[in-house]
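S.K.: fold the following.
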Amino acid sequence: MTYKQTPLYSIVNNKCPHCHEGNFFIVNNPYNYKKFDKMNEHCPVCEERFEREVGFYYGAMYVSYGITVFFGIIVFSIMCLLLNIDTITFLVVFSALQIILMPIFYRTSRLTWINIFVKYKDKK
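M.R.: Numbering: from 1, shown residues only. Alright, predicted model coming up:
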């Protein structure tokens with residue numbers, strides 16, 4: 001199995017979880033604030049529907065929560081345990097980082113969620 005055949009490829013490169021060719025989100029730039037959350041209705045290459053059912057992406061909130069907690073533990077470990085920075089400074093820096101990284105976490109959680117249910121199928 002090559003890197004292109006793994007779900008990680010789809011998640012990192014904004015690709016369809018089924019064919020890994022078409023884009024999942026309309027715009028690749030997560031910091032295009034007008035369109036960062038706009039998804040294609042279906043894959044432009046293989047026609048895989050991205051909107052599975054109403055409310056499908058509510059599960060992505062749990063993935064986003066997990067990503068946020070993991071990120072918080074990493075930042076806390078670095079700032080408070082290794083650098084001995086006080087808790088208030090940590091909270092301010094962590095909050096700012098959360099706001100800055102929100103579009104990336106949003107996209108990553110949605111792509112991770114759909115990759116749990118849609119498997120890659122090679123064209124061969």
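S.K.: contacts, neighbours, all on C-alpha from now
M.R.: Will do.
S.K.: what's the average pLDDT for stretch 103-120?
M.R.: Confidence for stretch 103-120, expressed as mean pLDDT, is 95.
S.K.: ok, and what's touching that stretch?
M.R.: Outside stretch 103-120, the residues that touch it by C-alpha atoms under 8 Å, 6 or more residues apart in numbering are 5-7, 10-12, 14, 17-20, 24, 30-31, 36-37, 50, 57, 59-61, 63-64, 67-68.
S.K.: again, but for stretch 6-13
M.R.: Contact partners of stretch 6-13, identified using C-alpha under 8 Å, 6+ apart, comprise Y3, K4, K15, C16, P17, H20, T108, L111, T112, N115, K119, Y120.
S.K.: among these, which one has the most neighbours?
M.R.: Within the contacts of stretch 6-13, most neighbours by other C-alpha atoms under 10 Å means C16, with 32 neighbours.
S.K.: where does that one land on pLDDT?
M.R.: Taking C16 on its own, its pLDDT is 95.
S.K.: what about stretch 17-37, start to end distance?
M.R.: 17 Å (C-alpha to C-alpha, to the nearest Å).
S.K.: give me the three-state assignment for the residue sitting furthest away from the middle of the chain.
M.R.: Most distant from the centre of the chain: N84, at 30.6 Å, with distances by C-alpha atoms, centre = their mean. With DSSP: H, G, I helix; E, B strand; the rest coil as the basis, N84 sits in coil.
S.K.: roughly how far apart are it and I74?
M.R.: According to C-alpha to C-alpha, N84 and I74 sit 14 Å apart.
S.K.: and K34, by the same measure?
M.R.: For K34 relative to I74 (C-alpha to C-alpha), the value is 30 Å.
S.K.: sorry, back to before: need the pLDDT of the residue farthest from the centre of the chain.
M.R.: Taking N84 on its own, its pLDDT is 90.
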